[in-house]
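[1] Next input, structure requested:
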Amino acid sequence: MKIRKCGLLGVCLLTGAAALSPSLSAKQTCNSSPAAAVKCFVANAVSTNMTAPRYGMTLGEFEAYGVAVSTILETHHDYLTLVALSSAVADAMPPTNSNGSSNQAAQDLAVEQLVAAAVQNQLLDEPTGVSLQDEQWFTLDVTGAMNDNNGYMSLMTPGVSLRIIDSYVVTATSNGAVNWTQADQSISSAVDSFISAGLIKIPTGVTSAQVKSFLESAAQTIYSYKVSTGRTSL
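    Next up, the predicted model:
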C-alpha cells in the first residue's frame, strides 16, 4: 500500500511539472517573473482539484486569467469598483426569477452589461494585460461568491443604488412600456441633485456626464433583467 501511494504521488508530481514547463524545472519557471508565479499557482490549484478552468477556458487561458486577476487586485480603483458592482448585483439582482426558480443567465448578463458600461464611460480602466472579458469574468466570480450570503446582503443593502435607478424606470413605465426619455431625464436630474447635496462625489478624471451615461445604461440593464426574471421591481 505504501509503495502504491508513493507511485501515485510520483505520477502526480511528474504530471504537474510537465504541465508547468516541458523544458525548465518548476522552480526555474515559477521564479522567473510574478506572472509565471501566478501561472504556476493556478496550474497547481487545478492539478490538485482546488479549482478548475471555467467559462470554457483551456488551462493556458485559465492561467492567463489568473494573471489578469492578480493585476486587477493590484489596481485599487478597478478592484473596488468591480467588487462594489458585484455586491450591488448580488443584493438587488439575484440569479432567480420572481417565482424563486433559478435564472443564472439573467444575473450573468446584467453583470456583463454593467461592467461593459462602466468601461465605456471610463469609470473603469483596462490595465495592461487585462481585457474587458477578464473584468467581466472577475466580477462574475465575485458575484457568484456573494450570492451565497445567508441574507446579509439584504441587511447591508449594497444594491440600494440599483433600486434607486429602478424607481425611475418604474415611474416612467406605463402599460408595460418605458418612456426612456423620461427615465433618463429623471436620472440626470437626480445625479445633479445628489452632486449638489454632496451625496455623490465625482472622482477626479470622471465627468458628471459619464456618470449619467453609466446610470442610464444601468437602467436599461435593470429593465432587461426584470423582463427576463418576471419582476416588476428590484
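
[2] Can you get me a residue count around Asp134?
    For Asp134, the tally of surrounding residues (other Cβ atoms under 10 Å) stands at 19. The C-beta positions use only the backbone N, C-alpha and C, and glycine is treated the same way.

[3] tell me the secondary structure for it?
    Following DSSP: H, G, I helix; E, B strand; the rest coil, Asp134 is assigned to helix.

[4] residue contacts, it?
    65, 68-69, 72 (Cβ atoms under 8 Å, 6 or more residues apart in numbering).

[5] ok, 6 Å please
    Taking Cβ atoms under 6 Å, 6 or more residues apart in numbering as the contact definition, Asp134 lies against Ala68.

[6] Can you check the pLDDT for it?
    Per-residue confidence at Asp134 stands at 96 (pLDDT).

[7] can you tell me how far the residue sitting nearest the centre point of the chain sits from Leu80?
    For the chain, Thr139 is the residue whose C-alpha lies nearest the centre (Cα atoms, centre = their mean; 1.0 Å). Separation of Thr139 from Leu80 (Cβ to Cβ, to the nearest Å): 12 Å.

[8] Please tell me I have it right and Ala90 contacts Asp148.
    No - using Cβ atoms under 6 Å, Ala90 and Asp148 do not qualify as a contacting pair, with a distance of 9.0 Å.

[9] Give me the buried positions along stretch 104-119.
    Within stretch 104-119, the residues scored as buried using 16 or more other Cβ atoms under 10 Å are 106-119.

[10] List the ones among these that fall in helices.
    Those of those mapping onto helices are 106-119, per DSSP state H.

[11] Which stretches in this structure count as strands?
    Using DSSP state E, the strands found in the chain span residues 173-174, 177-178.

[12] I'd like those laid out as a markdown table, including mean neighbour count and distance to Thr29.
    Written out in a markdown table, the entries for those read as follows (neighbours: other Cβ atoms under 10 Å; distance: least, Cβ to Cβ, whole Å):
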| stretch | mean neighbour count | distance to Thr29 |
| --- | --- | --- |
| strand 173-174 | 13 | 57 |
| strand 177-178 | 12 | 54 |
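
[13] Nearest to Gln210 among those strands would be which one?
    Comparison of these against Gln210 by Cβ to Cβ identifies strand 177-178 as nearest, at 22.5 Å.

[14] What strands flank that closest one, and is each parallel or antiparallel?
    strand 173-174 (antiparallel) (DSSP bridges).

[15] Run the chain-centre distance for the strand it pairs with.
    Put simply, strand 173-174 sits 30 Å off its chain's centre (Cα atoms, centre = their mean, to the nearest Å).

[16] Next: stretch 107-122.
    The answer for stretch 107-122 is 9 Å, by Cα atoms, centre = their mean.

[17] For Ala90 and Asp148, work out which one has more neighbours and name it.
    Each of Ala90 and Asp148 had its neighbours counted (other Cβ under 10 Å), and the higher figure belongs to Ala90 (23 against 8).

[18] show me the contacts for the more buried one.
    Going by Cβ under 6 Å, 6+ apart, the list of residues near Ala90 reads 143, 146-147, 153.

[19] Most neighbours among the residues you listed, which one is it?
    Across the contacts of Ala90, neighbour numbers were computed from other Cβ under 10 Å; Thr143 holds the maximum, 25 neighbours.

[20] Per-residue pLDDT of His76, please?
    Confidence score, pLDDT, at His76: 84.
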